[in-house]
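Trainee: Below are the sequence and a predicted model for it; my questions follow.
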Amino acid sequence: MIADPIAHKLTKGCGTEEVIFAGLNPDRIKFMTCCTKTPMTFDHLADRNLAAYRSILTPAKSRFEPGKRDA
């Protein structure tokens, strides 16, 4: 199964060997939930636990600027 960043199912395999694919839209994580104007304040890349993935991660920056963060 492939889900977008806010957990909407985009596609799902049938249980046999197969290749599935889906286009991911980074605009889906600009807002807290679908169809709202409340900005997302969690930066999915900046708040990663880098120590857990240090051997496989490379520096990255989100394609959108998150809203104002609460302290």
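Mentor: Received, thanks.

Trainee: What pLDDT does the model give residue 7?
Mentor: With respect to pLDDT, residue 7 scores 78.

Trainee: number of nearby residues for it?
Mentor: 6 (other CB atoms under 10 Å). No exception for glycine: its C-beta is placed from N, CA and C like everyone else's.

Trainee: cool, and the one 10 residues further on?
Mentor: The burial metric for residue 17, expressed as a neighbour count using other CB under 10 Å, is 6.

Trainee: could you pull out the helices for the protein?
Mentor: Under the criterion DSSP state H, helices of the chain are mapped to 50-53.

Trainee: From what I see, residue 3 and residue 12 are in contact.
Mentor: No: applying CB atoms under 8 Å, one finds residue 3 not in contact with residue 12, separated by 9.2 Å.

Trainee: Point me to the residue sitting farthest from the middle of this structure.
Mentor: No residue in the chain sits farther from the centre than residue 16, which is 26.6 Å out by CA atoms, centre = their mean.

Trainee: mind listing what it touches?
Mentor: For residue 16, no contacting residues are found, by CB atoms under 8 Å, 6 or more residues apart in numbering.

Trainee: What of residue 2?
Mentor: 9, 10, 11, 12, 20, 21, 22, 24.

Trainee: do that again at 6 Å, thanks
Mentor: Residue 2 is in contact with 10, 11, 22, counting by CB atoms under 6 Å, 6 or more residues apart in numbering.

Trainee: how many neighbours does the closest residue to the first one other than its chain neighbours have?
Mentor: Spelled out, it's residue 10. Once flanking residues are discounted, residue 10 sits nearest to residue 22: 3.8 Å by CB to CB, 6 or more residues apart in numbering. Counted with other CB under 10 Å, the neighbours of residue 22 add up to 13.

Trainee: so what's residue 26 up against?
Mentor: residue 63.
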